[in-house]
Every structure is written in structure tokens, then in C-alpha cells.
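*Asks:* Sequence first, then the predicted structure:
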Number of protein chains: 2
Amino acid sequence: MKCVSEKSEDKIREAAKRVFLKKGYDGTTSRDIANEADMNIALTNYYFRSKEKLFIEIFKDLMGLYFQSVIDILNKPVDIKTKISEVIENNYQMMKQEPDLVIFIMNEIHKVPERLLLKIPLYQQFKSTLFSQQLEAGIKKGTLRPIRIESILPLMTSCIEFLFLGKGIHQQVFNMSDTDFQEFAESHKEHVKAMICNYLILAD
Amino acid sequence: MKCVSEKSEDKIREAAKRVFLKKGYDGTTSRDIANEADMNIALTNYYFRSKEKLFIEIFKDLMGLYFQSVIDILNKPVDIKTKISEVIENNYQMMKQEPDLVIFIMNEIHKVPERLLLKIPLYQQFKSTLFSQQLEAGIKKGTLRPIRIESILPLMTSCIEFLFLGKGIHQQVFNMSDTDFQEFAESHKEHVKAMICNYLILAD
DNA sequence: GAACATTTTAAACATTCGTTTAAACTAATC
DNA sequence: GATTAGTTTAAACGAATGTTTAAAATGTTC
């Protein structure tokens, strides 16, 4: 029994994740979720009590997905130049795999800022990464440009994420097909890597 | 009478713009708009026929606002380094003044890509700017890094716009108050200017 | 296999949605 | 000042929303 019930619960959770990612909280109805999961309408409330409770659970998951991989890379024992490339590369792969993730997170937080009240102390986590120590040491040595971690993190992610955030706009404005865009994004990614390393690294 | 009716129509339009920007299309109800405009519910349909017609009208306006000022600057008769700084500065001021604009546009297009079917041939407009000619000439001379206009335009806007797109996240993650954020954004902007110029301009 | 707990179902709930109606109000025209 | 055209109003419309119900179906336990 436990097995079967978990299956239903997960089916709904996964279906809800897909629909929420595509349509957002306001744009998603309980019936949308039930249809996507191919289950009865009442089951969403049977397992999750309400649409909002289900949403919050999924939202937390996705926030974790968004941040955790970056933190992991920032702690890897590699030199800072490699690490920057890896962060950007990872960011790029994540966007390719889940292109709706960032616009979804940004938009939901924009509409209801209270949703972000996670207890996760992200600032401490970022500050205590190996990357942060490497940055500080490099600046002291004069091999890295003096810049705060608050600035370097967005620099590493914004260019790639923005490209996918505005994928529709970019494709339309520049007359790109899906394959055109993919090719373009790939080359853009390399520009971004080079540009950020160029700027940050003063001497090897 | 024309005078009075225009007043009512504009009151609704402006109120709708505020609400749509904050809550998005799905999150906005006709009654929200009527309340914000302090007018009777039936007037939205009396003047604009439907919620969607009103939305489309506003959306077109905002798309114009988003693109036109950039195109204007790209055509200004100044050297390319100054121009890059100006585009970024303009972008920054726009985000400060209308912080909801970009997330709104990105999100609505993401949900309903058909909305972007403007007849505006933006690609041609960008390609035929003075900036585009300066870029091409500079690359031929070897003073500018070879890069497509498709890449340089997002580079100039993404860092700043992304900062405001994720304003909520950034403030929360880095424990910033509103004034903290403003100060931070200002310094971040200077980094972005320097970084892009550094990368693009090979020799003066 | 009878008693029980869990899961699934169809149907309904009250509320809110975008929109329409028809009457009341206002201002201009003759 | 009666007639007309344009504007605003309160009330209602059917449809869709999130949620609940109570019965049916299914699985578990002894």
C-alpha cells in the first residue's frame, strides 16, 4: 500500500512540477495538474491539502536545484579560473536541461517575495566556500581584481541565464530557429567565460 | 465629453499598467484594475472590450519602451566605448525607474510566445544601427574583438537586467536592504561597464 | 473472509472570474 | 427644454476556480 500511495503522490508532484514550471502558480489550475498526472481532481488535495501547499513543496525543491550545484562547484578543489569556467558551464547545462527554471523562480519571488523566506543561510554558505577564500587570497596577492563575492556570483550566472530567460525574445528578434539558438548560445557561452576570466584574472 | 472620456480611458490604462506589471496577466483580475483605477468594473470592457485587448495594448507600449531607447543610443554619433557605457547606463536607469518591466516582459512571452508576434523588424533595426557599422569597422581594423551583434547586445544588457530581475533573491541571499542594494547595483554597474569594454576593445 | 484502513471516484460546494445587461446619469444639440 | 448621444452604475450572467463530500473501490489485518 505504501508503495502504491507513494506512486500516486509522486505522480502528482512531478506533474505539478511540470505544469507550474510552464504556467506559473497563477496560470496553473488544480484541474491542469490532475489532467497532467492523469488522476482524479480530488487527489491533489488528498495528498497535499491545498494547491498552495503543493506549490510550496515544489518551489523549495526547485530552489535547492537552482542553488546547490553552484555551491558544490564553488567548493571543488580546483584553481579559480577552472572553477569559473565550470560554474558557467554548469549553469549553461542546467538552463539547457530546465529552461523554465529561472524565469519561474524569478517570477514567483517577484510576485510574492515572502515565498523566499527560506531558512537556508545562503550568504553564509557562499561566504564560506573555497571559492570565496580563493578570491580573497588572490585579491591580496594581486592576481585577482578586487571585487566582492556579491558581484562575482551574479556576473558568472547572469549572462547565461538571461540568454535563456529571454530565449523567446532572442529567437524572435534575431530570426533564430531552435538549432540556431543552440549554436548561438554555445558560442555566447564561450564569450562569457573568456570575458569574465579576462576581467577577473589580472595575472596567472 | 471627449475630454472626460479620454480621462477615464487613460485612468484605466495607467491603472492596468501598474497592476499588470506587478501581478502579471494571470494574476490580475478585472476587479483589481477597476479598484486601482477607482472606477466601475464595467468600464474596463466599455473602453477596451476585454481584459486581453487591454493587456495587449499595454504590452505593446511596454515592449516599445523596452527596445526604443536602446536603438536610439546605438544610433548616436559617439565612439563605441562611450556608446557601450551609455547603453549600460541607460539600461540601469530604466531598471531603477521601472524595476518590474523586464521580468514582466520575459514572463509573459515565456508563457505565451505568440504575444511577441510584433510586426516590428527589430533585427533589421539593430543591424542597421550606427553601432553595428562601428562594430564591423572596428573588427576589420583589429581594434575590436570579433563578435556578432547578436552576442554583444545581450552582453550589454543581461548583467544589469538580471540584477534587477533577481532583485528579491539578491537582497535576500546577501542580506541587503533597499539602500544596500542600490549602492551594490551602482558598483556592480561599473564592473559591468569595465568588463565589457575590457573584453570588446582590443586597442584604442 | 470479515472487519478495517486506505485510496480513488463522481458530484457537488461556495466563491471568484471575465463579461454583459439594462437602467440611471451627464452633457451636448436642436 | 425635449431629444439625443455618450458615460457610469449596480446587478446579474454563465463558466471556471479551489476545495470538500460521501460513497465506492482497493488493499491490509486478523
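*Replies:* Cool, the structure landed.
*Asks:* and the angle from the lengthiest helix in chain A to helix B:2-27?
*Replies:* Longest helix of chain A, by residue count under DSSP state H: helix A:2-27. Helix A:2-27 runs at 160 degrees relative to helix B:2-27, counting by axes from the mean of the first three to the mean of the last three Cα atoms, to 10 degrees.
*Asks:* Report the next helix or strand after helix A:2-27 in sequence order.
*Replies:* Next in sequence after helix A:2-27, counting helices and strands by DSSP states H and E, comes helix A:30-37.
*Asks:* Give me the residues contacting the helix or strand following that following helix.
*Replies:* Downstream of helix A:30-37, the next assigned helix or strand under DSSP H and E is helix A:42-48. Helix A:42-48 is contacted from outside by A:8-9, A:12, A:16, A:30, A:33-34, A:37, A:51, A:54, A:57, using Cβ atoms under 8 Å, 6 or more residues apart in numbering or on different chains. Heads up, the C-betas are built off the backbone N, CA and C, glycines and all.
*Asks:* From those residues, pick out the ones that also neighbour DNA strand C.
*Replies:* Filtering these for proximity to DNA strand C by Cβ under 7 Å from any atom of the strand leaves A:Ser8.
*Asks:* and of the contacts of helix A:42-48, the nearest to B:Phe184?
*Replies:* Minimum distance to B:Phe184 across those is 31.9 Å, recorded for A:Glu57 (Cβ to Cβ).
*Asks:* What distance do you get for the residue positioned nearest the centre of chain A to B:Leu155?
*Replies:* Nearest to the centroid of the C-alpha atoms of chain A, with distances taken as Cα atoms, centre = their mean, sits A:Tyr66, at 3.4 Å. The gap separating A:Tyr66 from B:Leu155 is 23 Å, by Cβ to Cβ, to the nearest Å.
*Asks:* How is chain A divided into domains?
*Replies:* Using automatic domain parsing, the domain ranges for chain A come out as A:1-49, A:58-200.
*Asks:* For these, give me CSV that also has mean pLDDT.
*Replies:* Shown next, in CSV, are the domains of chain A (pLDDT from 0 to 100):
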stretch, mean pLDDT
domain A:1-49, 90
domain A:58-200, 93
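*Asks:* Highest average neighbour count across these: which stretch is it?
*Replies:* For the domains of chain A, the largest average neighbour count (mean count of other Cβ atoms under 10 Å in any protein chain shown) is found in domain A:58-200, namely a mean of 18.
*Asks:* outside of the helix or strand containing A:Glu89, which residues touch it?
*Replies:* Using DSSP H and E, A:Glu89 sits in helix A:80-97. With contact meaning Cβ under 8 Å, 6+ apart, helix A:80-97 is reached by A:65-66, A:69-70, A:73-74, A:76, A:78, A:101-102, A:131, A:134-135, A:138, A:144, A:156-157, A:160-161, A:163-164, A:182, A:185, A:189, A:192-193, A:196-197, A:200-201, A:204.
*Asks:* and after that helix, which helix or strand comes next?
*Replies:* Next along from helix A:80-97, by DSSP H and E: helix A:101-111.
*Asks:* Spell out whether that next one and chain B are in contact.
*Replies:* Yes. Using Cβ under 8 Å from any Cβ of the partner chain, helix A:101-111 comes into contact with chain B via A:103, A:105-107, A:109-111.
*Asks:* Right, I'll call it a day here.
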